[in-house]
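Student: Mind looking at a prediction? Sequence and model below.
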Amino acid sequence: MTFDNNVMNPGDTPKRRRICIGIWILILHRYLWIRTHEVSELII
């Protein structure tokens, strides 16, 4: 029940959503950075 209350709390969702978006941006940025370096090394 406490988990449902935390999820449904309107004051907590924006911060949690911002943290999730930040984590996804970090993961995607690192993935794209590694991919571009691999491609550049293959081209060179």
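Tutor: Noted; the coordinates are in hand. Everything quoted here is computed from the prediction, not taken from an experiment. Numbering: from 1, shown residues only.
Student: Mind jotting down where the helices sit in this protein?
Tutor: Applying DSSP state H to the chain gives helices spanning 2-8, 13-43.
Student: Let's test this: mean pLDDT of the shortest one, rounded?
Tutor: In other words, helix 2-8. Computed over helix 2-8, the mean pLDDT rounds to 56.
Student: where does the chain have its least confident helix or strand?
Tutor: Ranked by mean pLDDT, DSSP states H and E, the weakest helix or strand in the chain is helix 2-8, scoring a mean of 56.
Student: ok, back up a step: now the helices of the chain in JSON lines, with mean neighbour count?
Tutor: For glycine as for every other residue, the C-beta is placed from the backbone atoms N, C-alpha and C. Putting the helices of the chain into JSON lines (neighbours: other Cβ atoms under 10 Å) gives the following:
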{"stretch": "helix 2-8", "mean neighbour count": "9"}
{"stretch": "helix 13-43", "mean neighbour count": "10"}
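Student: Mean pLDDT lowest where, among the ones you listed?
Tutor: Averaging pLDDT over each of the helices of the chain puts helix 2-8 lowest, since it has a mean of 56.
Student: Render the CA-only coordinates of stretch 27-43 in CSV, please.
Tutor: Taking Å, rounded to 0.1, in the frame of the first residue of the first chain, the C-alpha atoms of stretch 27-43 are listed here in CSV:
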residue,chain,number,x,y,z
ILE,A,27,22.8,6.0,-20.7
LEU,A,28,22.0,7.1,-24.2
HIS,A,29,24.8,9.7,-24.3
ARG,A,30,27.4,7.1,-23.2
TYR,A,31,26.0,4.5,-25.7
LEU,A,32,26.1,7.0,-28.6
TRP,A,33,29.5,8.3,-27.5
ILE,A,34,30.9,4.7,-27.5
ARG,A,35,29.3,3.9,-30.8
THR,A,36,30.6,7.0,-32.5
HIS,A,37,34.2,6.3,-31.3
GLU,A,38,33.9,2.7,-32.5
VAL,A,39,32.8,3.9,-35.9
SER,A,40,35.5,6.6,-36.1
GLU,A,41,38.2,4.0,-35.2
LEU,A,42,36.8,1.6,-37.9
ILE,A,43,36.9,4.4,-40.5
